[in-house]
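*Asks:* Compute the structure for the input listed below.
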Amino acid sequence: MSTEFTFAIKRIRFDEHYRPSENTRTTTNFANLARGSSRQENLRNTLSMIDNRFNALAHWDNPRGDRYSVQLDIITAEMTLEGEHSGTPLPLIEILKTTVIDQHTHERIDGMVGNNFSSYVRDYDFSVLLLGHNQHQPAFSTPEGFGELHGKLFKCFVNSSAYQQHFNKPPVICLSVSSSKTYHRTENQHPVLGIEYQQNEYSLTDAYFNKMGLKVRYFMPPNSAAPLAFYFTGDLLADYTNLELISTVSTMDTFQKIYRPEIYNANSAAGRSYQPSLKHQDYSLTRIVYDREERSRLAIEQGRFAEEHFIKPYHAKLEQWSSNHAR
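*Replies:* Numbering: from 1, shown residues only. Sure thing, here's the model as predicted:
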């Protein structure tokens, strides 16, 4: 009998009252902002930055720059293997859902689902499997089939009835560009996403997301310091409204200024040919406290959690499912 997965979706509001879960699931980036003596100030300042960025981009019919605010929900996709009765579903994937609030009309407008992306299996792939593989290699390489299981799990989730019931459009994930690649400015320019950049070859993250069925384009939005990487299916420019695109840009540009200020809060913008660097010194810090070392450590912890509670105990079933599952 073939193995099947079922998904359940949980959501929690990310606002100034947000407190991270105390159980094994660690919402790394968000939890990082929401701990310590500065937690409420961190959250309030982050949300204010997002709203200000949104209004700066959605400037039409918005003379005072205060028409819109962005509501954020952390979406957790929990997965259960059919026939298993452990009672502990794996929190497989975590993404963000934006909702735009029009203060003039009091309308709630659907924003983008996706944005941030956290995954236990991805943490396992990058922080456990890949690191272990390269301890014994003369040159960097990826293990055979790297990312294939995760890619199939992601596509299974997006095609699931749980996803379809909650969301009307496919996700768009927005991440930092890779510091190992050089990006070249094109003549293409979008009113919201800004100037398009291109590069000659996939980064490791690009290739990994490609196995999830996602294409990538790179855009540097107006008044940004560096391009962002947008991962999507379909047509990024035609399938989403300007307000949906702005909700992603304002949210993820803000988070990247906090997470990677050397790139996204640099004091000079990317030029025609651009290679990002976390060693860049000419940048400004936000007023938000973020522990990048903790983020790296938790990625390893989450990867080991996935290995212990999912990869190892269900190895045979996962192999069978993966071999039967369409690419």
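*Asks:* Kindly indicate whether the nearest residue to T88 once chain neighbours are set aside is helix, strand or coil.
*Replies:* In this structure, T88 finds its nearest non-sequential neighbour in H309, 7.5 Å apart by CB to CB, 6 or more residues apart in numbering. Where C-beta positions appear, they are placed from N, C-alpha and C, glycine not excepted. Secondary structure, DSSP: H, G, I helix; E, B strand; the rest coil: H309 is helix.
*Asks:* and what of the one 4 residues further on?
*Replies:* Under the three-state scheme (three-state DSSP), P313 adopts coil.
*Asks:* what about stretch 32-46, start to end distance?
*Replies:* Using CA to CA, to the nearest Å, the end-to-end distance of stretch 32-46 comes to 12 Å.
*Asks:* what about that stretch, average pLDDT?
*Replies:* Averaging pLDDT along stretch 32-46 yields 80.
*Asks:* And for stretch 113-126?
*Replies:* Taken as a whole, stretch 113-126 carries a mean pLDDT of 92.
*Asks:* So for that stretch, what gets flagged as buried?
*Replies:* Neighbour-count burial for stretch 113-126, counted by 16 or more other CB atoms under 10 Å, picks out 113-126.
*Asks:* ok, now stretch 255-275?
*Replies:* By 16+ other CB under 10 Å, the buried positions in stretch 255-275 come out as 255-266, 270, 274.
*Asks:* can you give me the end-to-end distance of it?
*Replies:* Stretch 255-275 end-to-end distance (CA to CA) = 20 Å.
*Asks:* Pull the residues that contact it.
*Replies:* Stretch 255-275 has contacts (CB atoms under 8 Å, 6 or more residues apart in numbering) with 29, 33, 46, 49, 116, 176-177, 179, 181-185, 197, 220, 224-228, 253, 276-286, 288, 290, 292, 295.
*Asks:* quick one: the residue nearest to T88 from L92, how far?
*Replies:* Counting by CB to CB, to the nearest Å, the gap from H309 to L92 is 11 Å.
*Asks:* likewise H315?
*Replies:* To L92, H315 is 16 Å away according to CB to CB.
*Asks:* who's more crowded, the two?
*Replies:* Between H315 and L92, counted using other CB atoms under 10 Å, the more crowded position is L92 (24 against 10).
*Asks:* Am I right that that one is in contact with I75?
*Replies:* No - when contacts are counted by CB atoms under 8 Å, L92 is not listed as touching I75 (11.3 Å).
*Asks:* if we can go back for a sec, please check the contacts of stretch 255-275 and keep the buried ones.
*Replies:* 29, 33, 46, 49, 116, 176-177, 181, 183, 185, 197, 220, 224-228, 253, 276, 280, 283, 286, 288, 290.
*Asks:* Which ones among those residues map onto strands?
*Replies:* Among those, the residues falling in strands (DSSP state E) are 116, 176, 183, 185, 197, 220, 228.
*Asks:* so how far is the first residue of stretch 191-203 from its last?
*Replies:* Note: stretch 191-203 ends 26 Å apart using CA to CA.
*Asks:* can you tell me which helix or strand C156 belongs to?
*Replies:* In the assignment (DSSP states H and E), C156 maps to helix 148-158.
*Asks:* who touches that helix?
*Replies:* 5, 7, 77, 79, 92-93, 119, 121-122, 125, 163, 170-171, 208, 210-213, 318, 321-322, 325, 327.
*Asks:* Please identify the buried residues of that helix?
*Replies:* Those would be 149-158, for helix 148-158 by 16+ other CB under 10 Å.
*Asks:* Ok, stretch 230-250 next?
*Replies:* Within stretch 230-250, the residues that count as buried by 16+ other CB under 10 Å are 230-233, 236-237, 240, 243-250.
*Asks:* mean confidence for stretch 227-245?
*Replies:* Stretch 227-245 comes out at a mean pLDDT of 96.
*Asks:* Likewise for stretch 250-270?
*Replies:* For stretch 250-270, the per-residue pLDDT averages 93.
*Asks:* what about it, start to end distance?
*Replies:* Its first and final residues considered, stretch 250-270 spans 18 Å by CA to CA.
*Asks:* from the middle of its chain, how far away would it be?
*Replies:* 15 Å (CA atoms, centre = their mean, to the nearest Å).
*Asks:* Going by distance to T99, which of the ones in strands among the buried ones among the contacts of stretch 255-275 wins?
*Replies:* Set against T99, the nearest of these by CB to CB is N116 (15.0 Å).
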